[in-house]
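Novice: I'd like to go over a predicted model; first the sequence, then the structure.
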Amino acid sequence: MLLGWQKVTLHLHPLSIHHVERDQTIDHEYYIDNCLRPLVEEIKHQRLSYGTNRILLHRDNGKPHIHRDMSSYLESEDLTITRHPPNSPDLSPCDFWLFDSIKLNLSDQTDSQSSHDATDEFMYSLDQEEYRKTFDKWIERMQLCVDNQSDYFEHFMK
């Protein structure tokens with residue numbers, strides 16, 4: 001992976017944006033240590049009374065996300081995982097919203113560092129309404145997936 005971002009929101013506000021360095025391999029250990037542990041600590045810090053109680057985590061079926069160590073870690077932190085249907089990029093907000101938004105807003109970058117900096121700035125500039133609309137769209141897509149018994153549903157989208 002050349003560059004990547006792991007974006008997590010809580011109450012429709014950015015909570016964590018994790019930069020992935022060039023040529024960094026993302027395996028389950030990296031994901032737990034560098035993405036999840038800091039996220040869980042931030043959730044606990046922001047929700048002193050509740051901690052991770054009632055937090056639902058959605059992630060795709062990438063190998064680092066489904067590794068047994070990952071599941072064990074999430075269970076130990078009392079996080080609930082929402083299942084992602086196999087082979088369904090239509091349900092990943094990064095695939096149906098974020099990546100296209102980044103491409104549309106950062107087309108004039110000339111090198112990888114300026115692209116990285118501009119993406120970072122763009123990620124932090126997104127407002128609460130954008131997250132709300134994306135969350136609503138995600139729920140709509142999940143319902144279409146259920147209604148179509150996990151079959152392709154993109155042609156039903158407005």
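Specialist: Good, I have the coordinates.

Novice: how close does Ile66 get to Cys145?
Specialist: 18 Å (CB to CB, to the nearest Å). All C-beta atoms are positioned from the backbone trio N, CA, C, and that covers glycine.

Novice: which one of these two has more residues nearby?
Specialist: For Ile66 and Cys145, the more surrounded residue by other CB atoms under 10 Å is Cys145, and the numbers stand at 18 against 14.

Novice: What strand or helix carries that one?
Specialist: helix 128-147 (DSSP states H and E).

Novice: Would you mind pulling up the elements that that helix packs against?
Specialist: Counting contacts by 3 or more CB pairs under 8 Å, 6 or more residues apart in numbering; DSSP states H and E, helix 128-147 is packed against strand 13-20, helix 93.

Novice: Of the ones you listed, which shows the lowest average pLDDT?
Specialist: Lowest mean pLDDT within the helices and strands packed on helix 128-147: strand 13-20, at a mean of 66.

Novice: In the helix or strand following that strand, which residues are buried?
Specialist: For strand 13-20, the following helix or strand on the C-terminal side (DSSP H and E) is helix 28-30. In terms of neighbour count (16 or more other CB atoms under 10 Å), helix 28-30 has its buried residues at His28.

Novice: All good on my end, thank you.
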